[in-house]
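*Asks:* I'd like to go over a predicted model; first the sequence, then the structure.
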Amino acid sequence: MTCHLLIPAAGSGKRMGADRNKLLLPLIDKPILQWTLEAAIASEAIAWIGVMAQPHDYPDFQQIFNEISQLKPIRLIQGGATRQASVFNGLKSLPADCDRVLIHDGARCLATPELFDRCDAALQRMQGFIAAVPVKDTIKVVDGLTIVDTPNRDRLWAAQTPQGFHLEALKNAHLKALELGWEVTDDAALLEKVGLAVQIVMGEETNLKVTTQQDLAIAEFILKQRSSSNKLKS
Ligand SMILES: Nc1ccn([C@@H]2O[C@H](COP(=O)(O)OP(=O)(O)OP(=O)(O)O)[C@@H](O)[C@H]2O)c(=O)n1
Ligand SMILES: C[C@](O)(CO)[C@H](O)COP(=O)(O)O
């Protein structure tokens, strides 16, 4: 158990259309963030967890931390105005002995402990990686409403988290982004921009990012299926 995990959880959930951070919405019997944290706590690899949050969510987040087993330290870190800024704050708050880091969206609450463990193992042999799955649809590049390209699907993967990196490389890429005003939607994109290799680790088809009301309904369905197949096994 040596791995440090940062969880960006400082969003507002605009696309969910809720009146508060979507990570506080109930999913079956507990908040979305609690599912994410429980999977991370159950992972054998993870030793330390930092959660980036907006200060107005601190009391609710603290209550979630109190609910779950305190077998692993969980630290609250102030989030930023974007996911990128929240991650950068997280990187600056890691303990001094940390040289590699996993980053996982609070909103990806269906990731399994096995996925975290597989990602930690990847981080021992790679400078940077992301969990991803091959895309199933044909993807179109569009200008206005006119298709301008149909990229070969064999080369397209849908990016997920966890994403993992050597800390110094990722911090330097974030600093360069600040200097040059780059805005990206995941950390891998920053490493790509500075010319460093980022590899793929097989993700999970069920590791969706809960973004809309429909995603919430799908997540509930998947969790109930998991629970009934676990009952059948025991
Ligand atoms: N300023 C921000 C914005 C987002 N996130 C986190 O980044 C993850 C992925 O972002 P997304 O799913 O887009 O969440 P929201 O920003 O909350 O959603 P929306 O874009 O619909 O407002 C989420 O766990 C979210 O909490 C963050 O830590 N800090
Ligand atoms: C990091 C990510 O989950 C990979 O798919 C995604 O890019 C987050 O993007 P969002 O715009 O913050 O939803």
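*Replies:* Structure's in. What do you need? Numbering: from 1, shown residues only. Ligands and ions are numbered 1, 2, ... in the order given.

*Asks:* C-alpha from now on. contacts and neighbour counts both.
*Replies:* Fine.

*Asks:* Which residues of the chain lie near ligand 2?
*Replies:* R83, A159, Q160, T161, T185, D186 (Cα under 6 Å from any ligand atom).

*Asks:* Next, count neighbours for the fifth one.
*Replies:* The local packing of T185 (other Cα atoms under 10 Å) involves 10 other residues.

*Asks:* thinking again about what came up before, taking the residues of the chain next to ligand 2, tell me the two that lie furthest apart.
*Replies:* The distance between the two most remote of the residues of the chain next to ligand 2 (Cα to Cα) is 15.1 Å, for R83 and A159.

*Asks:* what's the closest of the residues of the chain next to ligand 2 to ligand 1?
*Replies:* R83 (3.8 Å; Cα to the nearest ligand atom).

*Asks:* The closest one and A10 touch, don't they?
*Replies:* Yes - with contact defined as Cα atoms under 8 Å, R83 reaches A10; the gap is 7.5 Å.

*Asks:* Return the list of helices and strands in contact with the helix or strand containing S229.
*Replies:* Secondary structure from DSSP states H and E places S229 in helix 213-233. On a contact count with 3 or more Cα pairs under 8 Å, 6 or more residues apart in numbering; DSSP states H and E, helix 213-233 meets strand 26-27.

*Asks:* Looking at the chain, which strand is longest?
*Replies:* With secondary structure taken from DSSP state E, the chain has its longest strand at strand 157-166.

*Asks:* That strand packs against which elements?
*Replies:* Partner elements for strand 157-166 (3+ Cα pairs under 8 Å, 6+ apart): strand 100-103, helix 113-125, strand 128-134.
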